[in-house]
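S.K.: model this:
(4 chains)
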Protein chains: 4
Amino acid sequence: MVKVYRSTVLDAPADRVWRVLRDFNGLANWHPSVAMSRIENDHPADKVGCVRNFQLKSGARTREKLLSLSDYDYACTYAILDSPMDLSDYVATLRLLPVTEGNRCFIEWSAEFDCPPQKAAELAETVGVGIFQAGLDALKKRYGQR
Amino acid sequence: MVKVYRSTVLDAPADRVWRVLRDFNGLANWHPSVAMSRIENDHPADKVGCVRNFQLKSGARTREKLLSLSDYDYACTYAILDSPMDLSDYVATLRLLPVTEGNRCFIEWSAEFDCPPQKAAELAETVGVGIFQAGLDALKKRYGQR
Amino acid sequence: MVKVYRSTVLDAPADRVWRVLRDFNGLANWHPSVAMSRIENDHPADKVGCVRNFQLKSGARTREKLLSLSDYDYACTYAILDSPMDLSDYVATLRLLPVTEGNRCFIEWSAEFDCPPQKAAELAETVGVGIFQAGLDALKKRYGQR
Amino acid sequence: MVKVYRSTVLDAPADRVWRVLRDFNGLANWHPSVAMSRIENDHPADKVGCVRNFQLKSGARTREKLLSLSDYDYACTYAILDSPMDLSDYVATLRLLPVTEGNRCFIEWSAEFDCPPQKAAELAETVGVGIFQAGLDALKKRYGQR
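M.R.: Down below sits the predicted model:
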């Protein structure tokens, strides 16, 4: 199993950032790699169990299921149902914690998944850099970096 | 602040019990004190942020907001918006854990809230016995006790 | 990565069982497979970071490091440093939760580790049945089963 | 019950800061208000259950018990046994999380306690500002602020 973890600090309060991140259909609004997204069956994006179906700017299509959403802990957990990546049992969590000093927030994005051993390093890079770091970098630009 | 905690073991697997408990509008299906329930604004019962509006057999009406739902951890957290009880900042969590031996599950129901000091003992009883234990006892009958 | 999880219910209160389980050097007192155990460097068994060095009745020797101990949550986490098993990065957690109904406790023992793919099923069995279930069964006899 | 929470970001990796913070007897090394500290009965400072007995520069004496220590999660939890503050059931947690971007760490210090209602605001200030923020500010100077 591969474990990937990226975190940073955003120059905005946690509740404000959460309003954007809690939108399971909102990736295209903030992640630089995502072109468009929809929730299957027209479900609300905060209905636990809903599936987002999104297309990357590269054309690749991915389907992910919302496993948990917490407006109490500012966290969500989801699983990949279909993706072009050669992995399985991919479960990821995105979470915010308040940084009271400076009214900022700490954000962490993590995932674990299985894959053929020879693919581990490459997929850790694809997920850690291409998905997580790229997303966090975009959020840092949006909210300012601190 | 008052903290209340009740737990027991049900003679059914966690995933089966979760399908019933995850229905935030389903109290009337299993809790002996609840007569009827609806989700305001016709939202799905698993839309995080939805509000259940239910009536006890005693006639008392309560409104509670779903703060988190996890199909991953079999847990939900909710807050009381309105209730006839003289308390405030009431947040409760209902959670299941698998008991692999015997294919059963452990269930815990907890809450914390503020209230006038002289009401603490009485409200701890109302919540702990009247709401939590009564609900757990009903589930034990439904699934068998072990 | 392999994940192993076993849980059951013991007919004794959590605080009483914890006093036995929190002794990182106490395996030989309750686990049927362990013949003798010592803490290296004569450290106290509740000094986080200490290493237990124990011998199975089979003669196999294992060294494990205490990573965390919580008298607050009745939980401990430890890692294998050396063992005859063909695995790596083995981290395990033993935890108790109170079952208020009947003044009992829920106990869960879990671990994750890496190993050669062809060894996964066999090691999951060795750990899950030979270590965890055997230990839980012994505790159930000691405290009664419910 | 009063809940107090302060957090910030330190310009040093979590494992380096943890080596300092895990020393339950080390307050005098980094907290500006603490003059001297010892562990009662000469126990190691990482023996869960040990008691630190420390004196503030003001002369006030406090005794606190270590309830949990985790080298796995970089967290510790402790309770006040004796202090000059008019409060009870004070339990606090100090925790670090890695900030991978910039190789920094997020630190959070939280506590909950009971007290006479009329003392709540004053004690929240004493704990939140005088103990937590003062400590975090000192750590920020020691490691740099980011």
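
S.K.: please count neighbours and contacts with C-alpha atoms only from this point.
M.R.: Noted.

S.K.: report the beta-bridge partners for the residue nearest to the spatial centre of chain A.
M.R.: Nearest to the mean C-alpha position of chain A, by CA atoms, centre = their mean, lies A:L94 at 5.7 Å. Applying DSSP bridges to A:L94 gives these bridge partners: A:C76, A:W109.

S.K.: and the gap between it and C:K57?
M.R.: To C:K57, A:L94 is 45 Å away according to CA to CA, to the nearest Å.

S.K.: tell me how many other residues crowd the residue in chain A positioned nearest to chain C.
M.R.: Nearest to chain C in chain A, going by CA to the nearest CA, is A:M1, at a distance of 4.5 Å. A:M1 has 19 neighbours, counted by other CA atoms under 10 Å in any protein chain shown.

S.K.: and the pLDDT at it?
M.R.: As predicted, A:M1 sits at a pLDDT of 83.

S.K.: tell me the buried residues in the longest helix along chain A?
M.R.: The residue-count maximum for a helix in chain A (DSSP state H) belongs to helix A:134-143. Buried residues in helix A:134-143, counting neighbours by 16 or more other CA atoms under 10 Å in any protein chain shown, are found at A:134-137, A:139-140, A:143.

S.K.: A:R104 against A:T8, yeah?
M.R.: No. Counting by CA atoms under 8 Å, A:T8 is not a contact partner of A:R104; they are 10.7 Å apart.

S.K.: let me know the outermost residue of chain A.
M.R.: A:E101 (25.3 Å).

S.K.: which residues touch that residue?
M.R.: Residues near A:E101 by CA atoms under 8 Å, 6 or more residues apart in numbering or on different chains: D:6-8.

S.K.: look up the pLDDT of it for me, please.
M.R.: Taking A:E101 on its own, its pLDDT is 96.

S.K.: which SS class is it?
M.R.: With DSSP: H, G, I helix; E, B strand; the rest coil as the basis, A:E101 sits in coil.

S.K.: so which of the contacts of A:E101 sit within strands?
M.R.: Counting by DSSP state E, these place D:6-8 in strands.

S.K.: output the below-cut-off pLDDT ranges for chain A.
M.R.: A:145-146 (pLDDT under 70).

S.K.: near chain C, which residues of it?
M.R.: A:1-2, A:114 (CA under 8 Å from any CA of the partner chain).

S.K.: so A:P116 makes contact with A:L87?
M.R.: Yes. Using CA under 8 Å, A:P116 is in contact with A:L87, at 7.5 Å.

S.K.: need the contact list for A:T77.
M.R.: A:66-69, A:91-94, B:72.

S.K.: closest one of those to chain D?
M.R.: A:L94 (13.9 Å).

S.K.: and that closest one, how far from chain B?
M.R.: For A:L94, the distance to chain B equals 14 Å [CA to the nearest CA, to the nearest Å].

S.K.: looks like that residue contacts A:G135 (just checking).
M.R.: No. The criterion here is CA under 8 Å, and A:L94 misses it with A:G135 at 11.1 Å.

S.K.: which residue is the nearest non-sequential neighbour of A:Y5?
M.R.: A:S110 (4.3 Å; CA to CA, 6 or more residues apart in numbering or on different chains).

S.K.: can I assume that neighbour is in contact with A:R6?
M.R.: Yes. Using CA under 8 Å, A:S110 is in contact with A:R6, at 6.4 Å.

S.K.: mind listing the shared neighbours of those two?
M.R.: A:F132.

S.K.: buried set for the helix or strand hosting A:V17?
M.R.: Take DSSP states H and E as the rule and A:V17 turns out to sit in helix A:14-21. Going by neighbour count (16+ other CA under 10 Å), the buried part of helix A:14-21 is A:14-15, A:17-18, A:21.

S.K.: the residues you listed into a markdown table, with extra columns for distance to C:D82?
M.R.: Converted to a markdown table, these look like this (distance: CA to CA, whole Å):
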| residue | distance to C:D82 |
| --- | --- |
| A:A14 | 43 |
| A:D15 | 46 |
| A:V17 | 45 |
| A:W18 | 44 |
| A:L21 | 43 |
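
S.K.: run a quick neighbour tally on the spatially closest residue to A:R95 that is not a sequence neighbour.
M.R.: Using CA to CA, 6+ apart and skipping the chain neighbours, the partner closest in space to A:R95 is A:A75 (4.2 Å). A:A75: 21 surrounding residues under other CA under 10 Å.

S.K.: so what's A:A75 up against?
M.R.: A:22, A:68-69, A:93-96.

S.K.: most neighbours among those residues, which one?
M.R.: In those, the most neighbours by other CA under 10 Å go to A:L69, 33 neighbours.

S.K.: quick one: is whatever helix or strand it lives in near chain B?
M.R.: Element membership for A:L69, per DSSP H and E: strand A:61-70. Yes. If you take CA under 8 Å from any CA as the test, strand A:61-70 does meet chain B, through A:67-70.

S.K.: one more: stretch A:39-49?
M.R.: Yes. Using CA under 8 Å from any CA, stretch A:39-49 reaches chain B at A:44, A:46-49.

S.K.: quick one: end-to-end distance for that stretch.
M.R.: 11 Å.

S.K.: list the buried residues of it.
M.R.: Within stretch A:39-49, judged by 16+ other CA under 10 Å, the buried ones are A:39, A:43-49.

S.K.: and those residues, which two are the farthest apart?
M.R.: For those, with distances taken as CA to CA, the pair at the greatest spread is A:I39 and A:V48 (11.6 Å).

S.K.: with neighbour numbers in mind, choose between A:P116 and A:L87.
M.R.: Neighbours were counted for A:P116 and for A:L87 using other CA under 10 Å; A:L87 has more, 18 against 12.

S.K.: assess the claim that the more buried one and A:E112 are in contact.
M.R.: No. In this structure A:L87 lies outside contact range of A:E112 using CA under 8 Å: 10.0 Å.

S.K.: interface residues of chain A facing chain B?
M.R.: Going by CA under 8 Å from any CA, the residues of chain A near chain B are A:44, A:46-49, A:67-72, A:77.

S.K.: so what's the residue count around A:L97?
M.R.: 21.

S.K.: three-state assignment of it?
M.R.: strand.

S.K.: ok now do it, which residues does it touch?
M.R.: A:14, A:73-74, A:105-107.

S.K.: just A:V51 next, same as before
M.R.: A:39-40, A:63-66.

S.K.: in CSV: these, plus distance to chain D.
M.R.: CSV is the format used below for the contacts of A:V51 (distance: CA to the nearest CA, whole Å):
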residue, distance to chain D
A:I39, 31
A:E40, 34
A:R63, 27
A:E64, 25
A:K65, 27
A:L66, 25
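
S.K.: now the two most distant members of those.
M.R.: A:E40 and A:L66, at 11.6 Å, using CA to CA across the contacts of A:V51.

S.K.: overlap in contacts of these two?
M.R.: A:50-52.

S.K.: sort out for me which of those are in helices.
M.R.: Checked against DSSP H, those include nothing in helices.

S.K.: how about the residues of strand A:61-70 next to chain B, which pair is most distant?
M.R.: A:L67 and A:S70 (10.5 Å).

S.K.: hey, what's in contact with both of the two?
M.R.: By CA under 8 Å, 6+ apart, the residues touching both A:L67 and A:S70 are A:76, B:70.

S.K.: coming back round to it: so which of the residues of chain A next to chain C is the closest to A:G128?
M.R.: A:V2 (10.7 Å).
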